[in-house]
Structures are given as structure tokens and as C-alpha cells.
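J.: Any chance you could fold what I've pasted below:
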Amino acid sequence: MNNGVHGVELGVFVFFFLLVTVMGFVAARWRKADNAHSLDEWGLGGRSFGTWITWFLLGGDLYTAYTFVAVPAAIYAAGAAGFFAVPYTILVYPLIFTFLPRLWSVSHKHGYVTTSDFVRGRFGSKGLSLAVALTGLLATMPYIALQLVGIQAVLDVMGVGGGAASNVFVKDLPLLIAFGVLAAYTYSSGLRAPALIAFVKDALIYIVIAVAIIYIPIKLGGFDQIFAKAGDAFAQTNPATGKPRGALAPPEAGQWTYATLALGSALALFMYPHSITATLSSRSRDVIRRNTTILPLYSLMLGLLALLGFMAIAAGVKVQNGQLAIPALFDQMFPDWFAGVAFAAIGIGALVPAAIMSIAAANLFTRNIYKDFVKPDATPAQETKVSKLVSLLVKVGALVFVLTMDKTVAINFQLLGGIWILQTFPALVGGLFTRWFHRWALLAGWAVGMVYGTLAAYGVASPTQKHFGGSAAEIPGIGDMGYIGLTAFVLNVVVTVVLTLVLKAVKAPEGVDETRPEDYTADAGDPGVEVELPPATAGASH
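T.: Numbering: from 1, shown residues only. As a prediction, this is how the structure comes out:
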């Protein structure tokens, strides 16, 4: 792809990158905290964001650069099967309407910063809390790495880095600079930085998609021509498999896979630590409820975005790496200046979620590993310092991961991350509605789901690799192909329910529940509702 530096595109890209860099550092003074030395302020923005800030933050968090690149890339490679992302983002919002306000209320009441904080408080189990924290860390790391993949795709098309430059340092220098700046303003401004930058990111993405969905079809002769050319391309035989390359509609044999992948992904999306971090930053449970009604606007955007995969085929885009298909389409179809705007949207679309993800991962480590097992008497200031340092290490780890490994490895681990994070659903969502599940049963169910999901994914081959070649395998007892994560989740729930019955029958000791029923419906404005610090923190000086 690298045919020399595209000066105009690069100039526009750099302009927007510098703009959001300044905004990132200015964010430290935006809605300035009375006491910046606490995780509530650095890691959750003071729990003070209103409806629109939360909407942009969640949108910037969930609809990432990798979404921008990978969803249409899946359509480009295999056809309509890649549209699973649209129904799953439609399914997820009614689902989260039922439990996110409850999580916000109990977290506000008890000062919980992470999902593991809640699990520990609800079930009185540091072991279960640790399992949830480790799962969150494992699932988040490759997700951060994939934001780098999105930036690399853009840099490659613009002729800067990512190509076959002889000097490895020069090749990766733009990426190193981008994430060096990201690390700096995240360290200084915390969650306020991506919250402020998300306004620019989302505005650019909406503009680019609105223009693309009108301008590109006009240049290609309309949607009739686009779908006709895509249908012809998908009908061609793939030499690696001996089967058609794809289809404009999922074949009957793939419908179970499509449906289970959409459902499993919907259940998993708000189990990710970064989704919860953005949620807990809001100032009231009504903000959460309003957001579940307006966030589907992003699903409309996602549906239009997916159509770009068909457009890339119709435009004759030929790339070995499917992740380059959409950047290459923009480069080919748009004037240079607007291609630069589109690339800036993708690049900034990587910086916002990467910042939130690194903060979420750092909070998990600090609260549920460092504080619970290393330094129980850590003060809020010490927690914040550790979290800032860990957020830097997480970014460095993701950068090393991408620069030293093949991109398919990062994608494979991200697929595994979705399977893994879904196994925390019974403890988190189940715990929000009932205390019936036994803590040891939840831990055993989690372990069974993790082991089965990992082994099943390991056994999936593709034309290019022996293991971790996809996220679908035969569903035991049904015989159809389905999403491994959902099968593992069902096993998880079955084990949890059966063992809970057994453990209750033998009167196995249950942990202490520090929450009360009224905590799950409390709001910030309710009389007598104040944030309660966890016992180890209460009374500690700042």
C-alpha cells in the first residue's frame, strides 16, 4: 500500500491529532476536581458527567477505530455475515436498561469503581472478585492492541510507517509518537481527556459516514451497481476453501452462527471494564437510562458503516490485509483533504477508547489486585498513583504486543477476550438481581466457561492457521455451528445453578453481603445517599 507519503492527507491528519492532543492536556483543567488524588476523580471523572457527555463518552468507548475498520472489512471479506454487529448493538440497549441503573446506584452508594468491587461487596469473596478482575484485564489488553491496528492501517495508506521501510524505528515512529502523546495526557487528565476528545471523534465519524454513504455510491453508479458487483465477487470461488468467497445474505448453514454471535456479543459488550468505567462516570441513574434510549443512534451509524465493505468491492479495492480495505477506499474515492479528515476520524477513534480501556484496566489492577492483596491500607492518593502508572504499563504492553506479533494474533486474542469476558455475566448481572447464587458455584461456573471457551477456540482452524481460527464451533447436543462464547456461557450457568443447589444443601458458608435492597435503586439526589468508601479506605487521609 505504501506508494510514498500522501502530503495533504497527512497534513489534515496531523492537524486534528494536534487539536485533540491540546484538548487532552486542557481536559485536566476542565471541570477541575477539588481533589484530583482519588480514583473517583482521575478514573471516573468525578462521577459528574451529564447525559450528552456520557453519550459521547460511551459512543467513543464502544464504537472504536477497530469497529470503523473491522466491521466493513468483515463485509468486504465474507459478505453479510459481518452485519452481526448491527443486531447485537440493537439487542444490547434494552438489555443494559434493565441492569446498568442498578449497577450505577449500588456503585455510587458504596464507592465502587470497578465491577470486581461490586462482586466482592455483593458476595463477600475476594477470590471471585479476583477472577472477574483478571478476566477483565485479559480481555482488555488485546482490545487496546487492536486500536493500534486501526491506526497502523491509516498510517500505512497515507505512506507513513507500517509499510516495508528498511529502518524498523522509522517505520514505527508515527505509532510510537501517537501513543506516547496518548499516554501523557491520559496520565495527567484521566477520564476527562477521552471525555472531551470524544466530542471531536464522534463528530468526525458522523460527518465522514454521512458523506461516504452519499458521495461514494454516486461515484460508483448507485447501490444497484454496488450490490451487483459485490454479489458477483462473492460468487467467485475462494481457492483456499474451494467454496464461494461469501454471500450477500447469510446462508442457512450460517444462521445459528450469526444469531448466537449477535446474542453472545450483546451479552458481553457491557461486561468489558471500559464500558462500565464510562457508565460509572455519569452523575445519576437517570443519565444512564436516558443514554440507553439514545445510544441506538450509533447502531444506525454502524449499519451505514458496514455498507462501506460492499463499496470497497465495487470500487475494485484489492488488498491482502482486509483491515486496509476501508482506508484504501477512502484514499481512492475521496479528495485528498477529505481523505485526511476520514483518516483523522479513524485515528482519533483509536485514541479515545484506548485511553478509556487503559484507565479501566488500571483501576481493576489497583482496586482488586494491589489494594485487595498487596496493600490493603492504601490511601486514595496511593491508589491513584498506582493506577496512573499501571495505565502507562498497559499502553506499553499493548504497543509491544502489536509491534512484535502478527496482527492476526491480536485479532485472535480479541476474539478470545469476548469469549472470556462473557463468563463474568452471571456474577455481575446475576448479582445485581439476586443473592441466591453461591460464591463458590459462581467461581466454578466461571472456571468451566473459561476452560471450555479457550479449548474450543483453540480447536478452530482456518485456511491460514491451525488454531484460534475463529469464534464458532459445533454446539454440543445441537450439531449446528454457533458462537463458542455463548456455549461456554450456557455451561457456566448450568454449573453455577447445580453447584449452588448442592452447596446450599450442605450449608456451605456464604460470604457477607455488604449491600442492601434499597442501594440498587438509590439516586444521587435521594435524601441520605452519600458515597460510602470501602472499609479499608474509610478514614484514610488524602
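J.: Counting residues, name the longest helix you see in this structure.
T.: For the chain, the helix that runs over the most residues, judged by DSSP state H, is helix 126-158.
J.: quick one: contacts of the next helix-or-strand element following that one?
T.: Counting by DSSP states H and E, the element after helix 126-158 in chain order, helix or strand, is helix 168-189. For helix 168-189, contacts defined as C-beta atoms under 8 Å, 6 or more residues apart in numbering pick out 17, 21, 24-25, 27-28, 148, 151-152, 155, 160-165, 193-194, 347, 351, 354-355, 358-359, 388, 391-392, 395-396, 399, 402-403. No exception for glycine: its C-beta is placed from N, CA and C like everyone else's.
J.: and those residues, which are buried?
T.: Listed as buried from the contacts of helix 168-189 are 17, 21, 24, 27-28, 148, 151-152, 155, 160-163, 193-194, 347, 351, 354-355, 358-359, 388, 391, 395, 399, 402; burial here means 16 or more other C-beta atoms under 10 Å.
J.: Could you tell me how far the residue most central in space within the chain is located from Ala133?
T.: Central residue of the chain (C-alpha atoms, centre = their mean): Leu62, 5.3 Å from the mean position. Distance, Leu62 to Ala133, by C-beta to C-beta, to the nearest Å: 21 Å.
J.: repeat for Ser275
T.: Per C-beta to C-beta, Ser275 is found 15 Å from Ala133.
J.: Which of these two has more residues huddled nearby?
T.: Ranked by neighbour count (other C-beta atoms under 10 Å), Ser275 and Ala133 place Ala133 first, with 27 against 23.
J.: you'd agree the more buried one is up against Lys371?
T.: No: at 10.7 Å, Ala133 does not count as touching Lys371 under the criterion of C-beta atoms under 8 Å.
J.: coming back round to it: and the residue nearest to the centre of the chain, what is it in contact with?
T.: With C-beta under 8 Å, 6+ apart, Leu62 has these contacts: Thr89, Leu269, Ser275, Leu295, Tyr298, Pro353.
J.: which residues does the third one contact?
T.: By that I understand Ser275. When contacts are counted by C-beta under 8 Å, 6+ apart, Ser275 touches Leu58, Asp61, Leu62, Leu269.
J.: Kindly indicate which of those lies nearest Phe83.
T.: Set against Phe83, the nearest of the contacts of Ser275 by C-beta to C-beta is Leu269 (16.3 Å).
J.: Can you give the contact residues for stretch 243-257?
T.: By C-beta under 8 Å, 6+ apart, stretch 243-257 touches 77-81, 227, 230-231, 233-238, 258, 472, 475, 478, 480-483.
J.: Just the strands from the stretch 351-500 of the chain, written as ranges.
T.: 472-474, 481-483 (DSSP state E, counting those that start in this stretch).
J.: outside of the last one, which residues touch it?
T.: Okay, so that is strand 481-483. 253-254, 256-257, 260-261, 263-265, 471-475.
J.: If we use 6 Å, what do you get?
T.: The contact list for strand 481-483 (C-beta atoms under 6 Å, 6 or more residues apart in numbering) reads Trp256, Thr257, Thr260, Leu261, Gly264, Ala472, Glu474, Ile475.
J.: Could you pick out the buried ones from those residues?
T.: The neighbour-count criterion (16+ other C-beta under 10 Å) marks Trp256, Thr257, Thr260, Leu261, Gly264, Ala472, Ile475 among the contacts of strand 481-483 as buried.
J.: Adding secondary structure and pLDDT, write those residues out as a markdown table.
T.: Converted to a markdown table, these look like this (DSSP: H, G, I helix; E, B strand; the rest coil; pLDDT from 0 to 100):
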| residue | secondary structure | pLDDT |
| --- | --- | --- |
| Trp256 | helix | 88 |
| Thr257 | helix | 88 |
| Thr260 | helix | 92 |
| Leu261 | helix | 90 |
| Gly264 | helix | 93 |
| Ala472 | strand | 86 |
| Ile475 | coil | 88 |
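J.: Present those as CSV; the columns should include distance to Gly322.
T.: Below are the buried ones among the contacts of strand 481-483 laid out as CSV (distance: C-beta to C-beta, whole Å):
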residue, distance to Gly322
Trp256, 24
Thr257, 19
Thr260, 23
Leu261, 18
Gly264, 22
Ala472, 18
Ile475, 27
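J.: Of the residues you listed, which is the nearest to Ala505?
T.: Taking these together and measuring to Ala505 by C-beta to C-beta, the closest member is Ile475, at 30.6 Å.
J.: How many neighbouring residues does the residue lying closest to the closest one once chain neighbours are set aside have?
T.: Excluding the flanking residues, the one nearest Ile475 by C-beta to C-beta, 6 or more residues apart in numbering is Gly482, at 4.2 Å. Taking other C-beta under 10 Å as the criterion, the count of residues near Gly482 is 25.
J.: Same check on Asp224?
T.: If you count neighbours by other C-beta under 10 Å, Asp224 ends up with 10.
J.: tell me which element it is part of?
T.: Using DSSP H and E, Asp224 sits within helix 223-235.
J.: same for that helix, what does it pack against?
T.: If contacts are counted by 3 or more C-beta pairs under 6 Å, 6 or more residues apart in numbering; DSSP states H and E, helix 223-235 sits against helix 308-314.
J.: Residues contacting the helix it packs on, please?
T.: In contact with helix 308-314 (C-beta under 6 Å, 6+ apart) are residues Pro72, Ile75, Tyr76, Ile216, Leu220, Ile226, Lys229, Ala230, Ala233, Ala325, Ile326, Leu329.
J.: The last one: how many residues sit nearby?
T.: Applying other C-beta under 10 Å, we find 27 other residues in the vicinity of Leu329.
J.: distance of Thr424 from Leu364?
T.: Thr424 is 11 Å from Leu364, by C-beta to C-beta.
J.: Now do the contacts for Tyr143.
T.: Counting by C-beta under 6 Å, 6+ apart, Tyr143 has contacts Met357, Gln414.
J.: per-residue confidence at it?
T.: pLDDT for Tyr143: 86.
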